[in-house]
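Chemist: sequence plus predicted model, see below.
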Protein chains: 2
Amino acid sequence: MSGAADETVALTLDEADALARQVLSAWGLAPDHAAAVAQTMVAGERDGCASHGLYRLLVAANSIERGVVACAAVPQVSEPAPALVRVDGQGGFAQLPFARGLPLLVDKARRHGIAAMAITNAVHFAALWPEVEALAGEGLVALAFTPSHAWVAPEGGTRPVFGTNPIAFAWPRPGRAPFVFDFATSAVARGEIELHRRAGKPVPPEWGYDAQGQPSTDAAAVLDGAMRTFGAHKGSALAAMVELIAGPLIGDMTSAESLAADAGRGGSPIGGELILAIDPAGFLGAGVEAHLQRAEALFAAIEGQGARLPGTRRLVARARSAQEGLRIPVALHQDILSVLARGRVRSDSASK
Amino acid sequence: MSGAADETVALTLDEADALARQVLSAWGLAPDHAAAVAQTMVAGERDGCASHGLYRLLVAANSIERGVVACAAVPQVSEPAPALVRVDGQGGFAQLPFARGLPLLVDKARRHGIAAMAITNAVHFAALWPEVEALAGEGLVALAFTPSHAWVAPEGGTRPVFGTNPIAFAWPRPGRAPFVFDFATSAVARGEIELHRRAGKPVPPEWGYDAQGQPSTDAAAVLDGAMRTFGAHKGSALAAMVELIAGPLIGDMTSAESLAADAGRGGSPIGGELILAIDPAGFLGAGVEAHLQRAEALFAAIEGQGARLPGTRRLVARARSAQEGLRIPVALHQDILSVLARGRVRSDSASK
């Protein structure tokens, strides 16, 4: 294997899953956590989201190394109110708490028409679409929100207060993959600015500010300063909403509190996530099928004029991956293998 | 009274309310509807939102004249599921259905932790902030969504599919007015383009397209063509979400269906509205007060760097109106009086 940038390693979905679980287990993650986290990473890779794919193994190992992850956390599921589920992640990754709370959330949404689940005290590194897509797979409409670390300035300011604060939404479509979107309320993903920094490329001045509060085209300066929100004051308002409803509303940290709690370790954000689930049958009863068809007319009106529905690119990549398996850059594969080796050395020395 | 543009008429809040009810009653609106609609319009005027203030009396009268409003509609409240409220507006204005469903929504949110209310088959002309603010007044966190008429193109397209599709949010703040935002997912309010058209001023080319799908600076051409969403593909995704959750999810029309149903009459949109209410005590129990204080730290971090919280301008205007009463342009006052006179003539001839 040479290191040329365009060389790739082929992996089946099963091989990717096994590799991911191997790495995570080597780093001490309990098997149920490793399985849940691996599933999310393989789904990202499968859907063509390289930044949320197997690359995240490096991110997860980093968070474990820095001591921010409780690797054998046992999520605690509770029911604080008839239509509410809370899953305390006990300091572990957020995937297993989601999986543990999901059946109860689905059940409550069906029983009450609407329900909400708070995942608290969990480590977040992944996109939110796997969560809302899982709920749409149960026939439910879903929304999800999570803060992160304070990297983003409010509109009208220049100092970081908000996280990248994503909002995800899913709508079930009869006989096909759901309509799903998932986007940061920051102007761009933080990883995008990282990529510019590594490549030594300037960023557009509207992406953020330096630490002195001046618009800057220097990627490193913006990472040290503050990113901007998307959509000016409207995006800023939404970012504030995410802070509130996936922070204080569920008794968990804001992005500023989470960054402070990280205390310079550089781990993934620890905090909360709010997920809402609505059962279309609640309002529609036997009319569900007919009304979901009316939604299809909306999608047809969008696609019929050549506009793309959110998530289309992911579904195309997913179909290709199902046919052809995955291809990841040789350099990434090598990085993953060396992280695996480091994890094994670490666990060997820990067991001595 | 001369017609100079800067001349105003002074009205107390009570006088404004009485005038609004008088006009609406003259146009045949049942007293309970007239009271609910007047309250919303006076609140808009009081808060400095002239476009959603007493000016809307002309809009409401126009909708009645065009036959799109059931003036004596009796809203039907039902409970399709334990945490859901539905209020069928029976073709009347949306304010009374909201008021009729509100106590049940509040009760359900407190009982179940989260609840949703759908207002269906109602005429919408107002902003959404009065609704979410009323819920925050009960100590609840609230979200509201409504489609309108198909005036807005999806990102990547140039033909209208979405309404201006506002999203409103409110968060209760101990001892002070709630944190509230309410914005259209279109790039600008439709009324803004109307104002440019009347003034013969060009609009920025990024506001919309002409009927041939070309970016246009001609306000009239954009009104006949398509507006754009705010925030590119992210705003477009949110606009689609509003169509879905305040349309098919609650068994009511999309913006395209509502525009088609209007059949060229030019009335206000008829359709649905979805309101979500979450009780902070659901997740937080006795910790509500402490966690709401953590939200105050977020607001302080925003305002502390000179950025403005959404809704601040409204609260300043509200305080001024409470002190000084209202001042509306002489020309608007004259228009309102002539609409009042026309309504009286109309109801006299109807009763003969």
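Modeler: Good, I have the coordinates.
Chemist: so what's A:Ala144 up against?
Modeler: Applying C-beta atoms under 8 Å, 6 or more residues apart in numbering or on different chains, we find A:Ala144 in contact with A:128, A:131-132, A:166-169, A:182, A:273-276. Just so you know, the C-beta spots here come from the backbone N, C-alpha and C atoms, and that holds for glycine as well.
Chemist: helix or strand for it, which one?
Modeler: In this structure, A:Ala144 sits in strand A:141-145 according to DSSP states H and E.
Chemist: what pairs with that strand, parallel or antiparallel?
Modeler: Strands adjacent to strand A:141-145 in the sheet, as given by DSSP bridges, are strand A:167-173 (antiparallel), strand A:270-278 (antiparallel).
Chemist: need those in JSON lines with mean pLDDT and mean neighbour count, can you?
Modeler: What follows is the strands paired with strand A:141-145, written out as JSON lines (pLDDT from 0 to 100; neighbours: other C-beta atoms under 10 Å in any protein chain shown):
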{"stretch": "strand A:167-173", "mean pLDDT": "98", "mean neighbour count": "23"}
{"stretch": "strand A:270-278", "mean pLDDT": "97", "mean neighbour count": "27"}
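Chemist: right, so of those, which gets closest to A:Arg100?
Modeler: If you check each of the strands paired with strand A:141-145 against A:Arg100 by C-beta to C-beta, strand A:270-278 wins as the nearest, at 12.9 Å.
Chemist: the helix or strand following the closest one close to chain B?
Modeler: Stepping forward along the backbone from strand A:270-278, the first helix or strand reached (DSSP H and E) is helix A:280-284. Yes - with C-beta under 8 Å from any C-beta of the partner chain as the criterion, chain B is reached by helix A:280-284 at A:280, A:282-284.
Chemist: list the buried residues of helix A:280-284.
Modeler: A:280-284 (16 or more other C-beta atoms under 10 Å in any protein chain shown).
Chemist: how about stretch A:188-200?
Modeler: Of the residues in stretch A:188-200, those buried (16+ other C-beta under 10 Å) are A:188-190, A:192-193, A:196-197.
Chemist: turn the strands paired with strand A:141-145 into CSV, columns for distance to B:Ala20.
Modeler: Output for the strands paired with strand A:141-145, formatted as CSV (distance: least, C-beta to C-beta, whole Å):
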stretch, distance to B:Ala20
strand A:167-173, 37
strand A:270-278, 35
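Chemist: looking at the ones you listed, which is closest to A:Ala70?
Modeler: Judged by C-beta to C-beta, the one of those that comes nearest to A:Ala70 is strand A:270-278, at 9.8 Å.
Chemist: break chain A into its domains for me.
Modeler: Following automatic domain parsing, one gets these domains for chain A: A:1-65+A:312-352, A:73-187+A:228-310.
Chemist: deepest in the core, which of these is it.
Modeler: Looking across the domains of chain A with neighbours counted as mean count of other C-beta atoms under 10 Å in any protein chain shown, the highest average goes to domain A:73-187+A:228-310: a mean of 22.
Chemist: pull up the distance across that one, start to finish.
Modeler: Across domain A:73-187+A:228-310, the straight-line distance between its terminal residues is 35 Å, by C-alpha to C-alpha, to the nearest Å.
Chemist: same check, this time on stretch A:174-190
Modeler: Looking at stretch A:174-190, the gap from its leading to its trailing residue is 35 Å under the measure C-alpha to C-alpha.
Chemist: mind listing the strands for chain A?
Modeler: Under the criterion DSSP state E, chain A contains strands at A:8-11, A:76-81, A:84-88, A:114-123, A:141-145, A:167-173, A:176-183, A:208-209, A:226-227, A:270-278, A:326-329.
Chemist: could I get those as JSON lines with distance to A:Val23?
Modeler: Converted to JSON lines, those look like this (distance: least, C-beta to C-beta, whole Å):
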{"stretch": "strand A:8-11", "distance to A:Val23": "13"}
{"stretch": "strand A:76-81", "distance to A:Val23": "27"}
{"stretch": "strand A:84-88", "distance to A:Val23": "25"}
{"stretch": "strand A:114-123", "distance to A:Val23": "16"}
{"stretch": "strand A:141-145", "distance to A:Val23": "26"}
{"stretch": "strand A:167-173", "distance to A:Val23": "26"}
{"stretch": "strand A:176-183", "distance to A:Val23": "25"}
{"stretch": "strand A:208-209", "distance to A:Val23": "33"}
{"stretch": "strand A:226-227", "distance to A:Val23": "30"}
{"stretch": "strand A:270-278", "distance to A:Val23": "21"}
{"stretch": "strand A:326-329", "distance to A:Val23": "13"}
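Chemist: among the ones you listed, which comes closest to B:Ala307?
Modeler: From the strands of chain A, taking C-beta to C-beta, the stretch that ends up closest is strand A:226-227, at 11.2 Å.
Chemist: are the closest one and chain B in contact anywhere?
Modeler: No - judged by C-beta under 8 Å from any C-beta, strand A:226-227 and chain B are separated, with a smallest distance of 9.7 Å.
Chemist: and stretch A:228-243, by the same measure?
Modeler: Yes - Stretch A:228-243 is in contact with chain B by C-beta under 8 Å from any C-beta, via A:230-238, A:240-241, A:243.
Chemist: of all those, which comes closest to chain B?
Modeler: Closest approach between those and chain B, by C-beta to the nearest C-beta: A:Gly231, at 3.1 Å.
Chemist: rewinding a little: ok, the buried residues of stretch A:188-200 vs chain B, which is closest?
Modeler: Nearest to chain B among the buried residues of stretch A:188-200, counting by C-beta to the nearest C-beta, is A:Val188 at 10.9 Å.
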